[in-house]
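# Provided below are the primary sequence and the corresponding predicted coordinates.
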Amino acid sequence: HRITGLHWLHISDEHWHKTAELAFALRRRGVTVTAIDSLLAVVALSYNCSILHKDGDFGAIAKHSSLKIYNLEGKS
């Protein structure tokens, strides 16, 4: 199985609070992203992980945060 090398990251109440803060801060800058993408970004930031993606929301989040991303389409 390919996912056996992956690790589960714990999501805490603090992650949910930071997700709301991130979404609010982005929205104030005119950037709207999905709630799940905001949560994934917050979790990645808290665990110092990069996100491998094909989703434009992560590019928008990375533009306004220290989120490290790798776009599978080569458009990061």
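That came through, no problem. Numbers count the residues shown, from 1 in each chain.
# and the gap between the most centrally placed residue in the chain and Gly5?
With distances taken as C-alpha atoms, centre = their mean, Ala41 lies nearest the centre of the chain, 1.6 Å away. Ala41 is 22 Å from Gly5, where distance means C-beta to C-beta, to the nearest Å. Every C-beta, even on glycine, is put in place using the N, C-alpha and C of the backbone.
# tell me how many other residues surround Lys18.
For Lys18, the neighbour count with other C-beta atoms under 10 Å is 18.
# ok, Asn48 next?
8.
# SS state for it?
At Asn48 the chain is in coil, as set by DSSP: H, G, I helix; E, B strand; the rest coil.
# can you give me the pLDDT of it?
pLDDT recorded at Asn48 is 95.
# just how off-centre is the helix ranked longest in the chain within its chain?
Longest helix of the chain, by residue count under DSSP state H: helix 13-28. From the chain centre to the centre of helix 13-28 is a distance of 11 Å (C-alpha atoms, centre = their mean, to the nearest Å).
# next one: stretch 33-47
For stretch 33-47, the distance to the chain centre is 3 Å (C-alpha atoms, centre = their mean).
# list the contacts of the longest helix of the chain.
Contact partners of helix 13-28, identified using C-beta atoms under 8 Å, 6 or more residues apart in numbering, comprise 32-33, 35, 38-39, 41-43, 46, 60-61, 64-65.
# quick one: buried residues of it?
Judged by neighbour count (16 or more other C-beta atoms under 10 Å), helix 13-28 contains these buried residues: His15, Lys18, Thr19, Leu22, Ala23, Leu26.
# circling back: measure how buried the residue nearest to the residue nearest to the centre of the chain when sequence neighbours are not counted is and give me the count.
Distances taken as C-beta to C-beta, 6 or more residues apart in numbering place Ile61 nearest to Ala41, at 4.7 Å, with adjacent residues excluded. Residues near Ile61, counting by other C-beta under 10 Å, number 25.
# now Ile61: how far from Thr4?
For Ile61, the distance to Thr4 (C-beta to C-beta) stands at 29 Å.
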